[in-house]
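> Below are the sequence and a predicted model for it; my questions follow.
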Amino acid sequence: MGFPGTWMTLSESMLYRVVPKCACSTIGQIMFFSDHGRFYDGDIHDAAKGLHKWAFEDSQPAIDRRARARDTLAFTCVRNPYARVLSSFFDKICGIQRSGTRYRGKLVPTLIETYGIEVGGPDGQQEFDQISSFRRFLLFARDTIRWRRPMEPDIHWSDMSGHVATFIANGGRYDRIFATECFDTGMQAVLDAAPVRHPVDLARIPRFNESEGHGPRRAHPVEAYFDDLSRHLVYEIYHRDFRLFRYDAEDPANQRPLGEIDLDEVHAHLGD
């Protein structure tokens with residue numbers, strides 16, 4: 001299986017397991033800058049040069065060698081499950097993608113017909129009942145993850161633990177896992193521990209939120225979207241994420257982790 005979803009700097013200074021909707025665009029750009037002294041001109045997900053990616057056959061031997069040897073700093077980044085699944089809804093379901101089309105073609109029309117959601121019209125910018133539609137989307141997300149129908153779970157709303165686990169299961173070990181809610185502190189610890197060619201000033205770099213503007217703006221605070229039933233659904237889907245990454249399952253308004261992530265616990269639980 002190898003190391004799907006893993007990026008590495010060309011200098012082999014750091015390995016990053018991408019977790020969708022967890023600051024991956026910003027992290028990729030930081031890695032690119034640390035090697036080249038400049039940011040990639042465009043969406044880093046589209047970069048075909050300047051960064052090793054497991055999706056590139058030529059990059060796989062280098063990533064495989066470094067991940068298994070565990071001599072390159074390996075890290076990933078996680079996010080509060082409530083905010084992450086909400087972001088996935090607005091970006092991937094309500095939003096128009098970079099290609100100018102809806103995400104995954106017939107997905108949104110199927111959701112509209114089968115689950116009765118609204119998405120803000122053809123351009124995603126019209127007013128609609130965001131709370132009601134999001135809660136219906138949660139039912140769909142649960143169905144894909146628990147029963148794998150009407151489709152396989154998508155990487156943007158499947159649990160973070162599943163993404164993180166593949167790196168461990170295939171022989172890698174994380175040196176750092178940090179939360180997006182503590183981004184500067186966590187990313188600085190990575191940069192301090194890696195032999196970067198070009199220093200990165202986190203206080204001065206932009207945030208590369210490539211999904212911003214794809215869909216309607218969130219009209220309410222995060223906690224407004226989650227009633228008792230939807231909190232139950234989120235916990236059913238993401239119970240490992242809440243436990244391993246120390247997030248508060250009881251209070252969607254509390255976005256920050258409750259404590260430090262225990263790397264030994266993560267490796268023990270996800271390495272089976």
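Sure thing, it's come through.
> show me the residues around F167 that make contact.
F167 makes contact with F3, G5, T6, R17, A67, A74, T76, Y174 under the criterion CB atoms under 8 Å, 6 or more residues apart in numbering. For the C-beta atoms, the positions are set from N, CA and C on the backbone; glycine is no exception.
> Please disregard the earlier target; I meant A169.
A169 neighbours (CB under 8 Å, 6+ apart): M1, L270, G271.
> out of those, who has the most neighbours?
Within those, L270 tops the neighbour count with 19 neighbours, counted by other CB atoms under 10 Å.
> Enumerate every residue touching it.
For L270, the contacting residues are S161, V164, A165, I168, A169, L244, by CB under 8 Å, 6+ apart.
> Over to G28?
W7, Y16, V18, Y40, I44, H45, A47, L51, F208.
> In strands only, show me those.
Judged by DSSP state E, the subset of the contacts of G28 located in strands is W7, Y16.
> With pLDDT and distance to E250 as extra columns, can I get the contacts of G28 in a markdown table?
Output for the contacts of G28, formatted as a markdown table (pLDDT from 0 to 100; distance: CB to CB, whole Å):
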| residue | pLDDT | distance to E250 |
| --- | --- | --- |
| W7 | 98 | 34 |
| Y16 | 98 | 31 |
| V18 | 98 | 29 |
| Y40 | 96 | 40 |
| I44 | 94 | 35 |
| H45 | 93 | 34 |
| A47 | 95 | 40 |
| L51 | 98 | 39 |
| F208 | 81 | 32 |
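> top of the contacts of G28 by neighbour count?
W7 (26 neighbours).
> gap between that residue and F167?
11 Å (CB to CB, to the nearest Å).
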